[in-house]
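Novice: need a 3D model of the following:
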Amino acid sequence: MKFHIITFGCQMNVHDSDWLTRALESRGWEVADENSAQVYILNTCSVRDKPEQKVYSELGRVAAHLKRDENMFAAVGGCVGQQIGKGFFERFPFVKLVFGSDGIANAPNALERIAEGADDRVALLDFVSIYEERENPEERTVTMPESRQAFVNIMQGCDNFCSYCIVPYTRGRQKSRHPEAVVEECRALVKSGVREITLLGQNVNSFGKDKGGVGVSFADLLHSVAGIEGLDRLRFTTSHPKDIAPEVKAAFGELENLCPSLHLPMQAGSDLVLKAMRRKYTIEHYLSIVDDLKKARPDISLTTDLIVGFPGETEEDFAQTLEMVERIGFESSFSFKYSDRPGVAAVNMEPKVEAKDAKERLMRLQTLQNNITKKCLENLEGRETVAFIEGKSRQQRGDYTWWKGRDPAGRIINVEMEESDGLVGLMVPVRITEAKNHSLLGKRIGKPW
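Specialist: Model (predicted):
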């Protein structure tokens, strides 16, 4: 069977789609473009309203392709798959499989059964209490990705139940992988040639605290993975501020290959709004975390998530958010207008912020952030660093080839080099020559390795 996967949302969805691709390929299925695929798989996101609407729009568009052959069908996975469930069968008759994040482990087998005619429709929507290890489609031969970068899932779900967040309802309660399974996967990846690993989870800081935990903390796991010989860079995402342990903060100063970057969602700068959001920390606590991180790693780059227009947010509350963004100096942030999600507590919170006010606040916040980002990047001009090359830059100019890489903090650096190929996955010493609005330009000062 020829299949095509369309992915929406977070990095965990990207990772899930990559695994599903490899699992189907190991069964003899073939990746195809939209025009020749027989099976369309949508891996979806419902954190905000817009991505959910995109799913319905995408299914409407896919329907035109499915008219080519009555044996063709579609599958919907991820958060919207979990949320709407069997409702997709009624609205879109060509959808034959729906699965949530806990059901993805059995999706390859279900897709095979449907393709063979053994099953007509399958719903994999049950939550499990213990992390179910997925099959390893590369057990015999671990293939190094061209980029020499890899993502490793360490847990699933979340127990925090923030009042605005649908994740616990679509991805279930927290379930940690066995630490030995995580370390073994990382070790195999490094052995295959991977140089950078990112550990993934809804809240990695609480790793091991659920019933699947075996007494190994996230800090313990970080040290184990960082100790794998040959691993040049280690990252992780996402972190909930209330759960970050002193040992994790200290690790930034102790582990040489732990990259000096952390995405630490603040969401709001007002204690009143944070309380309504059920974030379970105060701004004072958040600032103390930032201070500890900067003491452990003075060059650490901090990024964050921010929500504007949360129910009850006043202009004074929003002003406090602007103040905190400027005080902390986040290098970048993902900022959004609040939107109601079905089943979460914030749906019933009043008063709602007028859409025009939320839009205006978002514009002010993003303008401030853009100015801070530019200043942070300008402060790096003249410094030397190492760019891990990911591919060629989109924009090519001049006589040589421009390559895109990232420094240890994850900043994009575009470097002009004589080589027109063969640099993906290599480290290149560079000097920062110019700051752009959201990226850097660099000059190579040494040989790639």
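
Novice: please make it C-alpha for all contacts and neighbour counts, starting now.
Specialist: OK.

Novice: export only the CA atoms of stretch 202-219, formatted as CSV.
Specialist: Provided in CSV are the C-alpha atoms of stretch 202-219 (Å, rounded to 0.1, in the frame of the first residue of the first chain):
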residue,chain,number,x,y,z
GLN,A,202,4.4,16.7,27.7
ASN,A,203,6.2,17.5,31.0
VAL,A,204,9.6,15.9,31.1
ASN,A,205,10.3,17.3,34.6
SER,A,206,7.8,14.9,36.1
PHE,A,207,9.3,11.8,34.5
GLY,A,208,9.2,8.8,36.7
LYS,A,209,6.7,10.2,39.2
ASP,A,210,3.8,8.1,37.9
LYS,A,211,3.0,4.5,38.6
GLY,A,212,5.3,3.4,35.8
GLY,A,213,8.2,5.1,37.5
VAL,A,214,11.0,2.9,38.9
GLY,A,215,12.7,5.4,41.1
VAL,A,216,14.7,7.1,38.3
SER,A,217,14.2,10.9,38.2
PHE,A,218,14.4,13.1,35.1
ALA,A,219,17.8,14.4,36.4
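
Novice: just the residues contacting that stretch, thanks.
Specialist: Contact with stretch 202-219 is made by 130-131, 154-158, 174-179, 236-240, 243-245, 247-248, 251, as judged by Cα atoms under 8 Å, 6 or more residues apart in numbering.

Novice: sort out for me which of these are in strands.
Specialist: Judged by DSSP state E, the contacts of stretch 202-219 include 155-156, 175-176, 236-237 as members of strands.

Novice: out of the residues you listed, which two sit at the greatest distance?
Specialist: Lys175 and Phe236 (16.9 Å; Cα to Cα).

Novice: neighbour count: the two, which is higher?
Specialist: Lys175 (28 against 23; other Cα atoms under 10 Å).

Novice: ok, so of the ones in strands among the contacts of stretch 202-219, who is nearest Lys2?
Specialist: Gln156 (28.9 Å).

Novice: distance check, the closest one against Gly405.
Specialist: 30 Å (Cα to Cα, to the nearest Å).

Novice: who's more crowded, these two?
Specialist: Set Gln156 next to Gly405 and count neighbours by other Cα under 10 Å: Gly405 wins out with 28 against 25.

Novice: list the helices and strands the helix or strand bottoming out on mean pLDDT in the chain packs on?
Specialist: Lowest mean confidence among the helices and strands of the chain (mean pLDDT, DSSP states H and E): helix 49-66, at a mean of 83. Contacting helix 49-66 under the criterion 3 or more Cα pairs under 8 Å, 6 or more residues apart in numbering; DSSP states H and E are the following elements: strand 39-44.

Novice: ok, and what's touching the strand it packs on?
Specialist: Taking Cα under 8 Å, 6+ apart as the rule, strand 39-44 contacts 1-9, 13, 17, 34, 51-52, 55, 62, 72-81.

Novice: just the buried ones from those residues?
Specialist: Buried members of those, scored by 16 or more other Cα atoms under 10 Å, are 1-5, 7-9, 13, 17, 34, 51-52, 55, 62, 72-81.

Novice: in helices only, show me the residues you listed.
Specialist: Using DSSP state H, 13, 17, 51-52, 55, 62, 78-81 are the members of the buried ones among the contacts of strand 39-44 that sit in helices.

Novice: can you give me the helices for the stretch 101-250 of the chain?
Specialist: Taking DSSP state H, counting those that start in this stretch to define them, one finds helices in the stretch 101-250 of the chain at 107-116, 167-170, 179-192, 218-226, 246-254.

Novice: mind listing what's buried along the first one?
Specialist: Translated: helix 107-116. Neighbour counts over helix 107-116 (16+ other Cα under 10 Å) mark 107-108, 110-112, 114-115 as buried.

Novice: got it, and the last one?
Specialist: Burial within helix 246-254, assessed by neighbour count using 16+ other Cα under 10 Å, is assigned to 248-253.

Novice: so how far is Leu124 from Leu111?
Specialist: Applying Cα to Cα to Leu111 and Leu124 gives a distance of 11 Å.

Novice: find residues that contact each of these two.
Specialist: Common neighbours of Leu111 and Leu124 (criterion: Cα under 8 Å, 6+ apart): Leu97.

Novice: tell me what Asp305 is bridged to.
Specialist: Phe334 (DSSP bridges).

Novice: hang on, it packs against Ser335?
Specialist: Yes: between Asp305 and Ser335 a contact is recorded at 5.8 Å, counting by Cα atoms under 8 Å.

Novice: let me know the pLDDT of Val128.
Specialist: Looking at Val128, its pLDDT stands at 82.

Novice: the domain parsing of the chain - what is it?
Specialist: Per automatic domain parsing, the structural domains of the chain span 2-124, 145-259, 384-444.

Novice: follow-up on the earlier one: go through the helices of the stretch 101-250 of the chain and name the closest to Arg148.
Specialist: Arg148 lies closest to helix 179-192 among those, at 8.8 Å (Cα to Cα).

Novice: and that closest one, what's its mean pLDDT?
Specialist: The model assigns helix 179-192 a mean pLDDT of 95.

Novice: repeat for stretch 155-164
Specialist: 93.

Novice: got a list of contacts for that stretch?
Specialist: Residues outside stretch 155-164 that contact it (Cα under 8 Å, 6+ apart) are 101-102, 131, 167-168, 171-177, 200-204, 207, 276-279, 340-341, 344-347.
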